[in-house]
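Asker: Sequence plus predicted model, see below.
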Amino acid sequence: MNDYLSGLKEGRLKLHSLEKEMPPKDAVAVRRAFIEMETGKKLDKIGDFTINIDRAAEKNCENMIGAVQVPVGIAGKLKVNGEYADDEFYIPLATTEGALVASINRGCKAITLAGGADVRIQRDGMTRAPVFAAKNVVQATEAARWIEENITLLKEIAETTTSHGKLLDIRCFVTGTNLHARIEFFTGDAMGMNMVTIASEKVAAKIQEETGVVLVALSGNMCTDKKPSAINVILGRGKTVVAGVFLPDDLIKSTFKTDSKTMAEVNMKKNLVGSARAVSLGFNSHAANVIAAVFLACGQDPAHVVEGSNTITTVEQAEGGVYVSVTLPSLQVGTVGGGTGLDTQREALNLLGCAGGGETSGANSRKFAEIIAAAVLAGELSLIGALGAGHLARAHKQLGR
Ligand SMILES: CC(C)(COP(=O)([O-])OP(=O)([O-])OC[C@H]1O[C@@H](n2cnc3c(N)ncnc32)[C@H](O)[C@@H]1OP(=O)([O-])[O-])[C@@H](O)C(=O)NCCC(=O)NCCSC(=O)C[C@@](C)(O)CC(=O)[O-]
Ligand SMILES: NC(=O)C1=CN([C@@H]2O[C@H](COP(=O)(O)OP(=O)(O)OC[C@H]3O[C@@H](n4cnc5c(N)ncnc54)[C@H](OP(=O)(O)O)[C@@H]3O)[C@@H](O)[C@H]2O)C=CC1
């Protein structure tokens, strides 16, 4: 250990090269000891964890020194009436926000008593949008036309890079001399960002070769990855999912201590008018809370909570109750790849019955997406109910501090 520490101190060794000198388990320990030595801060809690270091240090995290732990709670059972998820589920939620699990749990109870959440996937496609520079608007337009006329050729080229990915469509956007090509792929059970980025590089090279426009950036932000954007709301990204449930008046009263008129009014004035006045892209109460908690528990890319937060919630009064729905235009999830292979995250996915590849390609990631949409519906119901009953502050006083 001391030799390595002095090597790091003297610059003979680099922190990120330790895995070349020793097994990942030792490299992580040496790196942590060096940081403790340099800073004088103890890291023994960060150094105490159970996930497999070999996998994490090689595939998920460079310069690894340990892991932080986030408490995982359970909500449910939650009955989901989906095309891929058709069962009752316990939902794993990683969070530090007191009252969140209780709230989602309450929503799950109401949904399950009401017969379950109906869930459907409207669209399934992950996107990458390279940007090209043209000499003038004529060349930009001609290149866009060439792309649209040669999608079959570009599809063949893209699919030489992946056995699971399928190119579905390319939409071109010309802005002056800029050409953005938004390429959409079916990515099976993977969330797909690495897959589509690798495939898009080959597609972009062919476009450049055939049309003379010059690739400026493989991601030109019209994808749009990890940023709020209207394009994802309108065209979708990842999975576009809709979930709904009818709640009868007696169930609203017994579970949420409020009534249908109040829930509809809270939704209209808060989620629709309030969000419009704020020019928010999220017309919901706290979809991001549910998505973040499931994402952390199940090894998803946490930055994709941004896209999930553009959910739209509706509450409509109907004969004898309310019909409540959530629409998630861009939910990006995978059950293989990324962080899904880490031991604890895989266990959480396994609890939902969707770890790994599905029986047919994409079946597991779609099942997972349907479960998340139903859980978002549960969270929305409970928070709207709590606001209607005037219980939000009380709940967080009792459970969150
Ligand atoms: C806290 C509750 C659920 C109490 O709700 P309640 O109705 O007063 O409690 P209850 O004792 O009558 O229990 C009803 C059900 O709630 C669940 N429940 C109740 N307690 C627990 C618990 N300890 N652990 C697990 N589950 C619990 C459980 O399902 C229970 O049924 P049971 O199983 O007993 O038949 C309710 O007041 C509530 O949901 N409040 C809202 C809290 C919330 O949604 N917070 C979200 C985070 S806020 C935020 O981050 C976003 C925000 C607010 O800023 C966004 C915005 O701008 O709107
Ligand atoms: N590169 C980028 O720009 C970005 C990367 N990311 C990161 O990308 C990672 C996720 O990328 P992703 O491509 O999902 O995962 P991986 O890069 O881990 O690749 C998943 C691979 O698994 C293979 N595979 C095996 N079984 C299946 C199956 N049933 N369905 C689909 N694929 C299967 C596929 O191989 P094959 O293709 O050969 O069929 C696929 O390419 C995350 O770590 C995320 O943080 C996030 C945003 C941007």
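Answerer: Looks like it arrived, so ask away. Ligands and ions are numbered 1, 2, ... in the order given.
Asker: contacts and neighbour counts: CA atoms only from here.
Answerer: OK.
Asker: Up against ligand 2, what does the stretch 251-400 of the chain have?
Answerer: Asp301, Gly337, Gly338, Gly339, Gly357, Gly358, Ser361 (C-alpha under 6 Å from any ligand atom).
Asker: Please identify, among those residues, the one with the most neighbours.
Answerer: Within these, most neighbours by other C-alpha atoms under 10 Å means Gly339, with 24 neighbours.
Asker: Quick check: mean pLDDT of stretch 346-360?
Answerer: When pLDDT is averaged over stretch 346-360, the result is 97.
Asker: any idea which helix or strand comes after the strand or helix carrying Ile384?
Answerer: Using DSSP states H and E, Ile384 sits within helix 363-389. Per DSSP H and E, the first helix or strand lying C-terminal to helix 363-389 is helix 392-399.
Asker: Name the nearest of the residues of the stretch 251-400 of the chain next to ligand 2 relative to Phe49.
Answerer: Distance to Phe49 across these (C-alpha to C-alpha) is lowest for Gly339, with 15.9 Å.
Asker: Can you classify the closest one by secondary structure?
Answerer: helix (DSSP: H, G, I helix; E, B strand; the rest coil).
Asker: Nearest to Thr50 among the residues of the stretch 251-400 of the chain next to ligand 2?
Answerer: Nearest to Thr50 among these, with distances taken as C-alpha to C-alpha, is Gly339, at 14.8 Å.
Asker: Which residue comes closest to the closest one once chain neighbours are left out?
Answerer: Gly299 (4.3 Å; C-alpha to C-alpha, 6 or more residues apart in numbering).
Asker: Which residues are in contact with the one you found?
Answerer: Residues near Gly299 by C-alpha atoms under 8 Å, 6 or more residues apart in numbering: Gly338, Gly339, Thr340, Gly341, Leu342, Gln345, Arg346.
Asker: list the helices and strands whatever helix or strand Ala204 lives in packs on?
Answerer: Using DSSP H and E, Ala204 maps to helix 193-211. Packing partners of helix 193-211 (3 or more C-alpha pairs under 8 Å, 6 or more residues apart in numbering; DSSP states H and E): strand 117-128, helix 137-149, helix 151-158, strand 214-217.
Asker: The third one versus helix 137-149: what angle between them?
Answerer: Computed by axes from the mean of the first three to the mean of the last three C-alpha atoms, to 10 degrees, the angle separating helix 151-158 from helix 137-149 equals 80 degrees.
Asker: what does helix 151-158 rub up against?
Answerer: Counting by C-alpha under 8 Å, 6+ apart, Ile147, Lys166, Leu167, Leu168, Asp169, Ile170, Ala199, Ser200, Lys202, Val203, Lys206 sit against helix 151-158.
Asker: does the fifth one sit in a helix, a strand or a coil?
Answerer: Following three-state DSSP, we place Asp169 in the strand state.
Asker: correct me, but it touches Ala181?
Answerer: No - if you go by C-alpha atoms under 8 Å, Asp169 and Ala181 don't touch, sitting 9.9 Å apart.
Asker: And these two? Which one has more around it.
Answerer: Ala181 (30 against 18).
Asker: Just the pLDDT for the more buried one.
Answerer: 98.
Asker: I am finished for the moment; much appreciated.
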